[in-house]
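Asks: This is the structure alone, sequence omitted:
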């Protein structure tokens, strides 16, 4: 079977070329349709995500199944418009059950979602198996909406898909401000006199429409991912809603292109799973490598901060050592530093090496010595540390032994401006609560 | 006749195991995790099959448990490190795993005796024909359906776990914070429950497929949750609801010539609906006399 297909069919490379030369009109239509669907589902999914109802799309997609089957049983046709309205009706019914159950019974929202999803799906499957046992015409393609098959889409399907997705996108554009307001602060929106109920219904309608129209392409089971994954990925790229939605739309379109291509190369392949896998890959790539909020970036930043903190700690310890000897000794060894600060020997060596590279510390046979710039930096850090201790002692009424740990943390992030503010707040600028002198500001001494 | 009995026995064990495990899922508010694991288990089954080329019980169970725990752990990690809402992270993980499972099935369609149909419905009607044979192929003794052995084993595991861990599971389900303060390892019991869910879903896979098992996990347990007064009665009621759905569903499927597993799931939903309606009526009847008292 496998060999036979290879011999009679053109190679996948030729098929790919054929696809991108747009010779196959049907393939082109399917491509356009799936891109539109990818965009509109991702955008409308964004709002569901913001309302913390990410999996509602999953339940609604499953809930569409019995509607399609009942519509087929009643009208005995596979006309896409009939199917669409059947699915729309039962999805909406599902939506109300999800809403009604937690409000009127003990059942929790998550269970309501799972109940609706599995019950409607079971009902759909039961009807489907019933239909398959009947002697009716053109029942063959009905099961394709379970996993989606773009190759099985007809011209009518795509026309409907285009109209519906355009309707969804235009509605989002028109009502963007209102939808955004409701998504972020429902109570505020209500207090402004916005008919929240109306917009929530509109949003539900748009979600249901996107879900239902995508069934042919993605399938009942996996439609949730197309609503959810793009916006989850886009969130790593930006904080601004309009930009998030645009990125989500782009990712949705990209995955649509990938999956329709695969479906074109291997027509037996269901499209939905491929779309989901490509979306999930895009999601994981975004999560790891996104420029500002990606995990890699966050990890590197944390590492940099840790390094900075340990460098500054060592600098301050060196300053204290200098202070103890009345600034007569300049050279100290590792044991001296460790006597004042608990730090693993390896970390200490690495940190001193880093400081040496920066020109803050010089290493020689006699030990380690602060350079001029190193001393300047260390003085400033000590100054900030002790200023903060004094501030906590004077203004916050903490006892001297409570202030050190806090100052130990804040010294690394205090800015020059805050240092000046602290100075203005304090009456005693000469010594800290432990009686140690607060060093003069370097900036002032040069003035 | 004997085949009907095999089917009913398998379906009953599936429904009761699911109802017991599902009760804890409902109480822990983890129904969506149950949904997720039952989808992901498909990938576990396919991978275990491709790796070992056998459908023996231990292989299937361990594959499914690993994927089930991976789903739970990955969802938790995405929630923690990716700072996503927990339902969103669940959704991303299980759709990916399920999609991969379906893709692998279509890629290796010739080599796996799994297809998209049986992922959806299971094939409970064929359960009696796939039997375990002790000894040689011709001389051996027929020990009964493989699926029955699978779910029977898992049922015993579930039952024993609940009997032994009853107090712990109860505390963790009703008072997670009390459990923490008592020094109970909540994380362990969470993953323990997830293991039970994975075991149950994979053993139910042959009978009801990957998706309908969600219905059996969540719906009878929810019906029981509505009327039960204690955890013990909830477990009994959930099992009873599950068993009733099996009997009704089997009769319906016989009548309509529809899929047995789907009909069972639908019946459980109808029973829940009836329960909700009965409760609503009672609520109204209770309210009425109170109002008349106020009027007087």
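Replies: Cool, got the structure. Please read these numbers as outputs of a predicted model, since none were measured by experiment. Numbers count the residues shown, from 1 in each chain, chains lettered A, B, ... in the order given.

Asks: got a list of what the closest residue to residue A:224 other than its chain neighbours touches?
Replies: The shortest distance from residue A:224 to any non-neighbouring residue, by Cβ to Cβ, 6 or more residues apart in numbering or on different chains, is to residue A:58 (3.2 Å). Any C-beta I mention is one placed from the backbone N, CA and C, and that applies to glycine too. Under the criterion of Cβ atoms under 8 Å, 6 or more residues apart in numbering or on different chains, the contact list for residue A:58 reads A:113, A:117, A:223-224, A:228, B:91.

Asks: Same question for residue B:6.
Replies: For residue B:6, the contact set (Cβ under 8 Å, 6+ apart) comprises B:127-128, B:144-145, B:148.

Asks: Could you identify the most distant pair in those residues?
Replies: B:127 and B:144 (9.8 Å; Cβ to Cβ).

Asks: Among these two, which residue is more densely surrounded?
Replies: Neighbours were counted for residue B:127 and for residue B:144 using other Cβ atoms under 10 Å in any protein chain shown; residue B:127 has more, 24 against 17.

Asks: Wasn't the more buried one part of a strand?
Replies: No - counting by DSSP: H, G, I helix; E, B strand; the rest coil, residue B:127 is located in no strand; its state is helix.

Asks: Hmm, it is touching residue B:5, no?
Replies: No - checked against Cβ atoms under 8 Å, the pair residue B:127 and residue B:5 is beyond contact range at 11.0 Å.

Asks: how close does the residue of chain A most remote from its centre sit to chain B?
Replies: The C-alpha centroid of chain A is most remote from residue A:328, which lies 55.7 Å away (Cα atoms, centre = their mean). Computed as Cβ to the nearest Cβ, to the nearest Å, the residue A:328 to chain B distance reads 51 Å.

Asks: the strands in the chain, which residues?
Replies: Let's take chain A. Listed in chain order, the strands of chain A (DSSP state E) span A:361-364, A:367-370.

Asks: try chain B instead
Replies: Across chain B, reading from the start of the chain, the strands by DSSP E fall at B:131-134, B:141-145.

Asks: Tell me the predicted confidence for residue 139.
Replies: Going with chain A. Among the per-residue scores, residue A:139 holds a pLDDT of 70.

Asks: um, chain B though
Replies: In this model, residue B:139 is scored at 65, pLDDT.

Asks: try the one 5 residues further on
Replies: On pLDDT, residue B:144 comes in at 73.

Asks: cool, residue B:82 as well?
Replies: Reported pLDDT at residue B:82 in the predicted model: 80.

Asks: what's the nearest residue to it if we skip its chain neighbours?
Replies: The spatially closest residue to residue B:82, leaving aside those adjacent along the chain, is residue A:287, at 5.4 Å (Cβ to Cβ, 6+ apart).

Asks: tell me the contacts of the one you found?
Replies: For residue A:287, the residues meeting the contact criterion (Cβ under 8 Å, 6+ apart) are A:233, A:236, A:294-295, B:78, B:82.

Asks: Could you measure from residue B:276 over to residue A:342?
Replies: Taking Cβ to Cβ, to the nearest Å as the measure, residue B:276 falls 63 Å from residue A:342.

Asks: pLDDT weak spots in the stretch 101-250 of chain B?
Replies: Scanning the stretch 101-250 of chain B with the threshold set as pLDDT under 70 gives B:109-121, B:133-143.

Asks: Mind telling me the two of the contacts of residue A:287 farthest from one another?
Replies: Pairwise distances among the contacts of residue A:287 were taken by Cβ to Cβ; the largest, 13.6 Å, belongs to A:294 and B:78.

Asks: These two - which one has more neighbours?
Replies: With other Cβ under 10 Å as the criterion, residue A:294 and residue B:78 differ in neighbour count, and residue B:78 comes out ahead with 23 against 18.

Asks: hang on, that one packs against residue B:84?
Replies: Yes - look at residue B:78 against residue B:84 with Cβ under 8 Å: they come within range, at 5.4 Å.

Asks: Need the overlap of contacts for the two.
Replies: Any residue near both residue B:78 and residue B:84 by Cβ under 8 Å, 6+ apart counts here, and that gives residue B:92.

Asks: about what we covered before: please narrow the contacts of residue A:287 to those residing in helices.
Replies: Counting by DSSP state H, these place A:233, A:295, B:78 in helices.

Asks: I'd like those residues as JSON lines, with pLDDT and distance to residue A:276 appended.
Replies: As requested, the ones in helices among the contacts of residue A:287 are arranged in JSON lines below (pLDDT from 0 to 100; distance: Cβ to Cβ, whole Å):
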{"residue": "A:233", "pLDDT": "92", "distance to residue A:276": "13"}
{"residue": "A:295", "pLDDT": "86", "distance to residue A:276": "22"}
{"residue": "B:78", "pLDDT": "89", "distance to residue A:276": "16"}
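
Asks: Going by distance to residue B:206, which of those wins?
Replies: residue B:78 (30.7 Å).

Asks: which non-adjacent residue is nearest that closest one?
Replies: Excluding the flanking residues, the one nearest residue B:78 by Cβ to Cβ, 6+ apart is residue B:89, at 3.6 Å.

Asks: TSV for the contacts of residue B:6, including distance to residue B:22?
Replies: Putting these into TSV (distance: Cβ to Cβ, whole Å) gives the following:
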residue	distance to residue B:22
B:127	22
B:128	26
B:144	26
B:145	23
B:148	20
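
Asks: Of these, which is the nearest to chain A?
Replies: Nearest to chain A among the contacts of residue B:6: residue B:127, at 16.4 Å, using Cβ to the nearest Cβ.

Asks: any idea how far the closest one lies from residue B:105?
Replies: For residue B:127, the distance to residue B:105 equals 20 Å [Cβ to Cβ].

Asks: What of residue A:172?
Replies: Distance, residue A:172 to residue B:105, by Cβ to Cβ: 36 Å.

Asks: looking at the contacts of residue A:58, which has the most residues close by?
Replies: Counting by other Cβ under 10 Å, residue A:228 has the largest number of neighbours within these, with 33 neighbours.

Asks: Enumerate every residue touching that one.
Replies: Neighbour list for residue A:228: A:45, A:48-49, A:54-55, A:57-58, B:88, B:91-92, B:95 [criterion: Cβ under 8 Å, 6+ apart].

Asks: Make JSON lines out of those residues and add pLDDT and distance to residue A:247.
Replies: Conversion of these to JSON lines gives the following (pLDDT from 0 to 100; distance: Cβ to Cβ, whole Å):
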{"residue": "A:45", "pLDDT": "90", "distance to residue A:247": "13"}
{"residue": "A:48", "pLDDT": "87", "distance to residue A:247": "16"}
{"residue": "A:49", "pLDDT": "88", "distance to residue A:247": "13"}
{"residue": "A:54", "pLDDT": "81", "distance to residue A:247": "17"}
{"residue": "A:55", "pLDDT": "85", "distance to residue A:247": "21"}
{"residue": "A:57", "pLDDT": "84", "distance to residue A:247": "19"}
{"residue": "A:58", "pLDDT": "86", "distance to residue A:247": "22"}
{"residue": "B:88", "pLDDT": "89", "distance to residue A:247": "16"}
{"residue": "B:91", "pLDDT": "90", "distance to residue A:247": "19"}
{"residue": "B:92", "pLDDT": "91", "distance to residue A:247": "16"}
{"residue": "B:95", "pLDDT": "91", "distance to residue A:247": "20"}
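
Asks: What score does the residue nearest to residue A:341 when sequence neighbours are not counted have for pLDDT?
Replies: With Cβ to Cβ, 6+ apart as the criterion, residue A:341 has its nearest non-adjacent residue at 4.6 Å, and that residue is residue A:317. The model reports residue A:317 with a pLDDT of 86.

Asks: Kindly report the same for the one 4 residues further on.
Replies: Confidence per residue is given as pLDDT, and for residue A:321 that number is 83.

Asks: got it, and the one 3 residues further on?
Replies: For residue A:324, the pLDDT comes out at 80.

Asks: ok, how many other residues are close to it?
Replies: Residues lying near residue A:324 (other Cβ under 10 Å) number 13.
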